[in-house]
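In: sequence and predicted structure, then a few things I'm wondering about:
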Amino acid sequence: MAGTNVSTVVQAPAEQVWALIGDFHGLGTWHPGLPPSRPGNELRGNAIGSVRVFEFNGVVLRETLLAYDAERRSQTYGFPDGTFALDGYRATLSLTPVTELGASFVEWGAVFDVDAAHREESTALVHGVFTAGPAALRERFGS
């Protein structure tokens with residue numbers, strides 16, 4: 001089992017940040033490394049089982065929403081085994097209010113299985129996506 005985790009503090013209230021990142025299908029609207037996604041099935045919004053599809057650099061990536069908790073500001077998703085040489089991929093994007101600062105703690109992490117031959121490359125790919133997202137949030141909200 002391998003994984004990666006990135007966290008940051010964004011200088012904006014949780015309600016404001018979650019309004020942006022809480023939309024499962026909206027990731028490509030705020031993440032600089034991802035294009036807008038299109039729906040991959042009949043489910044819309046943040047319905048469990050909803051699929052978003054990204055197409056970039058000749059790759060088609062299908063991600064399925066596995067868990068969503070608006071109250072706790074958390075969403076978990078995965079993609080099919082074999083994608084980027086990863087199996088059992090599960091990622092969670094969550095937000096915790098830092099009330100005394102009027103800020104938000106954003107955490108994005110994933111766990112997955114990957115064979116030794118692809119471990120370094122695949123982990124670096126996921127970590128790069130996770131690093132760019134929170135950095136874009138800090139920039140967007142002036143942190």
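Out: Cool, the structure landed.
In: any idea how far the residue positioned nearest the centre of the chain lies from residue 36?
Out: Centre of the chain computed as the mean C-alpha position; nearest residue by C-alpha atoms, centre = their mean is residue 93, 5.1 Å away. Residue 93 is 17 Å from residue 36, where distance means C-beta to C-beta, to the nearest Å. (C-beta placed from N, C-alpha, C; glycine too.)
In: could you pull out the helices for this protein?
Out: Along the chain, counting by DSSP state H, helices occupy 14-21, 27-30, 119-140.
In: just the strands in the chain please.
Out: 2-10, 38-39, 51-56, 59-69, 74-78, 86-98, 103-114 (DSSP state E).
In: just send those back as a markdown table, with mean pLDDT too.
Out: What follows is the strands of the chain, written out as a markdown table (pLDDT from 0 to 100):
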| stretch | mean pLDDT |
| --- | --- |
| strand 2-10 | 94 |
| strand 38-39 | 96 |
| strand 51-56 | 94 |
| strand 59-69 | 95 |
| strand 74-78 | 98 |
| strand 86-98 | 96 |
| strand 103-114 | 95 |
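In: including distance to residue 23, could those strands go into a markdown table?
Out: Shown next, in a markdown table, are the strands of the chain (distance: least, C-beta to C-beta, whole Å):
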| stretch | distance to residue 23 |
| --- | --- |
| strand 2-10 | 16 |
| strand 38-39 | 12 |
| strand 51-56 | 10 |
| strand 59-69 | 10 |
| strand 74-78 | 9 |
| strand 86-98 | 11 |
| strand 103-114 | 15 |
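In: between those, which gets nearest to residue 28?
Out: strand 51-56 (6.5 Å; C-beta to C-beta).
In: just checking, what packs against that closest one?
Out: On a contact count with 3 or more C-beta pairs under 8 Å, 6 or more residues apart in numbering; DSSP states H and E, strand 51-56 meets strand 38-39, strand 59-69.
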